[in-house]
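> Sequence first, predicted model second:
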Amino acid sequence: MPVRHVGVADAPGGAIFRAMNQADTPAVDPWLERFLRAYYDRRPVNATFVGVHEHDHRFADLSAAGVDDTVSEMRSLLEEADTGRKAPDAPLAGIDRRLAEGFLRIQGWEYSSGHFLGNPSIHVGEAVFGLMALLLPDSTPSEDRLHALRARMAAVPDFLAQSRLHLHEVPTPWTLRAIRECKGGLAFLRGGVSHVDSRLQTVAEPAAAALEDFGAFLESTVLRRPKAEAGCGPEAFGLYLREGHFLTQSADEIVRYARDEMAKADSEMSSGAAEFGAENAADAIATLADRRPDVTRYYRRYQEIWDAMRQLSDDRALLTWPDFPIRYVPRPQWARASAPDLYFLFYRSPAAFGRPAIHDYLVTPIDDSMSAEERETLLRADNDGVIKLNHVVHHGGIGHHVQNWHAFRSPLRIGRIAAVDCASRIAMFCGATMAEGWACYATDLMAEVGGLTPLERFALRHARVRMCARAIVDVELHNGRMTLDDAAAFYQERAGMTAAGAEAEAVKNSMFPASALIYLMGTDMIHELRADLCRAPEDDLTLGSFHDAFLSYGSIPVRLIGNEMRRRAALGLPLGAHEASS
């Protein structure tokens, strides 16, 4: 039966949503409350993105004393957790605590290693998106938000001065990326902000001057202190696997699995190209560009495909799809000059708290200022297949957007916020396998129920190859068996990436350890869990109920969700997190 509205009694997993209003949060854990207060206080830009606005006027304190205080506080919280450990008051309370402890252990390494505070791209991203965060939720920011924006602009010079203290030997590609991001930030501060409010231009100039000086410092000083190694090393990589993703496989087991799966996907692509009259897979996939909207239907096409995918999901009762619509709109004027040089996302997760009723999805603009050739290039790039697979299914529809809505209602406090997009990465590392695993699984799901054309389904095989390639590079790069050049070459040769795309992907992988394997591992763990719990037609668990129960845990590691759902299934208990917290 169709699933349309939250709270409908006969929706798949409807009991889950009825329980939400009764007991949707485990008993208050004073330690967890202290952890969350410290999280927002020490990471004010993340707090803004999450929707906690009491810190909107400032940046993190990265002075020597400020960093020491942050590290000491994290160490103290871990010591309190160890000494005060007791049996949790509710089944899910222990998961929240364990996730928080894992976050603290990973952040402890990040603060001490130089891998993050020693990366200039992290600092530029924090400075620029600390400002943009106050504009992204709404196209017309309130006076309160503009007041916070002015205050945070005034804090940029001190923040970047503190950032310099942490930059010693840096991999050259990281520095070059940061220099490019400075250029994007300057385009925003010296032009973009005037499209928000003309009064901001004067206020923005001291911040722009500080960013310009920071870029000059990177070119004149940091570039002259290159560091050869860009990986984090086996020990730290293992920490991410254990304390972030909670995976049981070793790095070597993951890379063997990824290589095996890549070989299977390669074989399927090679044998399937002839079905589309092509000599090879790349030529077959290239024909997707021929199926594209014209200029007059470009923006409307996104919404048409979104509506069709929503209707298909309802018709097949795949899950509870919320009344939380997407509005596909052109990227705002204030971001157009800066976005190409920044980590500027088409779809950025809504804030966990204080969300707008309709969320804007910022698509590449097409207008009369473009030449006919430029418009044609854009339309071929954003063809129907790309709009459906990437901008609707993966990001703006059943993938990230629907998963985020479910996450915001999780009884797990960390599950609500972990996958919110922040300046350079999501709010907490532990949300990664759910966020990307679900979005990739959702694309598989829509193929399964007839939502994709044969050519689009074939394109998923190519996406599978890239997922495997990312996992391989992730492991090999951070375990010292690939250099950045090796990784870029691998992406070109085995995943069909362009030279520029391969280099950018390798650099991103090096900056964020164990973040590229999440696509493959997250997706496959969801498929495995579904196979375990939805075994036979006579089972009471429908596909829609399985998806609602799975999503109810929020943005936490897929491995932990699987463990809890299997445990509850073995005991004959309801599978969803809301019943588990009751």
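That came through fine.
> Using the record's domain definitions, break the chain down for me.
When the chain is parsed with automatic domain parsing, its domains come out as 30-224, 249-522.
> Dump those to TSV, plus distance to Pro574 and mean neighbour count.
Every C-beta, even on glycine, is put in place using the N, C-alpha and C of the backbone. Putting those into TSV (distance: least, Cβ to Cβ, whole Å; neighbours: other Cβ atoms under 10 Å) gives the following:
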stretch	distance to Pro574	mean neighbour count
domain 30-224	11	19
domain 249-522	13	20
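> Output these as TSV; include the columns mean pLDDT and distance to Arg242.
As requested, those are exported to TSV (pLDDT from 0 to 100; distance: least, Cβ to Cβ, whole Å):
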stretch	mean pLDDT	distance to Arg242
domain 30-224	94	8
domain 249-522	95	10
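> out of these, nearest to Leu543?
Ranking those by proximity to Leu543 (Cβ to Cβ) places domain 249-522 first, at 6.5 Å.
> What separates the first and last residues of that closest one, distance-wise?
13 Å (Cα to Cα, to the nearest Å).
> Kindly report the same for stretch 327-345.
End-to-end distance of stretch 327-345 (Cα to Cα): 15 Å.
> correct me, but Leu247 touches Met521?
Yes - under the criterion of Cβ atoms under 8 Å, Leu247 lies in contact with Met521, with a separation of 6.7 Å.
> joint contacts of the two?
Ile254 (Cβ atoms under 8 Å, 6 or more residues apart in numbering).
> circling back to that earlier point, any chance of the domains of the chain in CSV, plus distance to Asp548?
As requested, the domains of the chain are arranged in CSV below (distance: least, Cβ to Cβ, whole Å):
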stretch, distance to Asp548
domain 30-224, 16
domain 249-522, 5
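> between those, which gets nearest to Ile561?
Among these, domain 249-522 comes nearest to Ile561, with 7.2 Å by Cβ to Cβ.
> What residue, apart from its backbone neighbours, is nearest Ala148 spatially?
Asp56 (3.7 Å; Cβ to Cβ, 6 or more residues apart in numbering).
> quick one: that neighbour is in a helix?
No - checked against DSSP: H, G, I helix; E, B strand; the rest coil, Asp56 lies outside a helix; its state is coil.
> Spit out the contact partners of it.
Contacts were defined as Cβ under 8 Å, 6+ apart; by that measure Asp56 touches 44, 47-48, 134, 145, 148, 151-152.
> Now, those that are in helices?
Counting by DSSP state H, those place 44, 47-48, 145, 148, 151-152 in helices.
> Could I get the full set of strands for the chain?
With DSSP state E as the criterion, the chain has strands at 326-330, 359-363.
> can you put those strands in a markdown table and add distance to Val475?
Output for these, formatted as a markdown table (distance: least, Cβ to Cβ, whole Å):
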| stretch | distance to Val475 |
| --- | --- |
| strand 326-330 | 35 |
| strand 359-363 | 33 |
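> Would you tell me which of those gets closest to Ala230?
With respect to Ala230, and counting by Cβ to Cβ, the nearest of the strands of the chain is strand 359-363 at 30.5 Å.
> ok, and what's touching the closest one?
Applying Cβ under 8 Å, 6+ apart, the set of residues contacting strand 359-363 is 139, 299, 302, 324-332, 335, 344-348, 350, 382, 391, 395-396, 401.
> just stretch 436-446 next, same as before
Taking Cβ under 8 Å, 6+ apart as the criterion, the residues outside stretch 436-446 that touch it are 309, 312-313, 318, 389, 393-395, 397-400, 402-403, 452, 460, 463, 467, 518-519, 521-527, 551, 558.
> try it again with 6 Å
In this structure, residues lying in contact with stretch 436-446 by Cβ atoms under 6 Å, 6 or more residues apart in numbering are 393-394, 398-400, 403, 518-519, 522-523, 526, 558.
> could you redo those residues as a markdown table and give each row distance to Met262?
A markdown table is the format used below for the contacts of stretch 436-446 (distance: Cβ to Cβ, whole Å):
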| residue | distance to Met262 |
| --- | --- |
| Val393 | 23 |
| His394 | 20 |
| Ile398 | 26 |
| Gly399 | 22 |
| His400 | 25 |
| Gln403 | 26 |
| Ile518 | 16 |
| Tyr519 | 12 |
| Gly522 | 17 |
| Thr523 | 14 |
| Ile526 | 19 |
| Val558 | 21 |
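> if you look at the residues you listed, which of them are in helices?
400, 403, 518-519, 522-523, 526, 558.
> what sits up against the longest helix belonging to the chain?
As far as residue count goes, and with DSSP H defining each element, the longest helix of the chain is helix 454-478. When contacts are taken as Cβ under 6 Å, 6+ apart, the neighbours of helix 454-478 outside the stretch itself are 231-232, 237, 251, 254-255, 258, 261-262, 265, 268-269, 272, 285, 385, 447, 482, 487, 494-495, 509-510, 513, 516-517, 519-520.
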